[in-house]
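Chemist: Quick one, structure for this:
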Amino acid sequence: MARIKEGRAELHTTVDADLLKQIKLLAVEKDMKYGHLIEEGMKMVLEKYGKLSDLREG
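Modeler: Numbers count the residues shown, from 1 in each chain. Okay, the predicted model is just below:
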């Protein structure tokens, strides 16, 4: 079984194949992990809808 770092969660879902391909290509271009770009996008959605908060704060 894979180890998951504290504060991290696995995400298993289906997404648009072309969007994922573009994200992966961008990650290679920027020398980043594509998961980082996906997380950045998730944060942007929460900011857009005013729902972003740091859940790790007490």
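Chemist: Now do the contacts for Gly41.
Modeler: Neighbouring residues of Gly41 by Cβ atoms under 8 Å, 6 or more residues apart in numbering: there are none. Backbone N, C-alpha and C define where each C-beta goes, glycine included.
Chemist: Same check on Leu46?
Modeler: Leu52.
Chemist: which phi and psi does it have?
Modeler: phi -60, psi -40 (degrees, to the nearest 10).
Chemist: for Thr14, same thing?
Modeler: phi -100, psi 140.
Chemist: Check the gap between Thr14 and Leu20 for me.
Modeler: Separation of Thr14 from Leu20 (Cβ to Cβ, to the nearest Å): 10 Å.
Chemist: Just want to know which of these two has more residues nearby.
Modeler: Leu20 (13 against 6; other Cβ atoms under 10 Å).
Chemist: for the more buried one, helix, strand, or coil?
Modeler: Reduced to three states with DSSP: H, G, I helix; E, B strand; the rest coil, the structure at Leu20 is helix.
Chemist: Roughly how far does Leu37 sit from Lys5?
Modeler: 18 Å.
Chemist: the more surrounded of these two?
Modeler: Leu37 (16 against 6).
Chemist: neighbours around Ile23, how many?
Modeler: Ile23 has 20 nearby residues by other Cβ under 10 Å.
Chemist: so it sits right up against Gly35, yeah?
Modeler: No. Using Cβ atoms under 8 Å, Ile23 is not in contact with Gly35, being 9.4 Å away.
Chemist: Listing request: residues of this protein with sub-threshold pLDDT.
Modeler: 1-3, 54-58 (pLDDT under 70).
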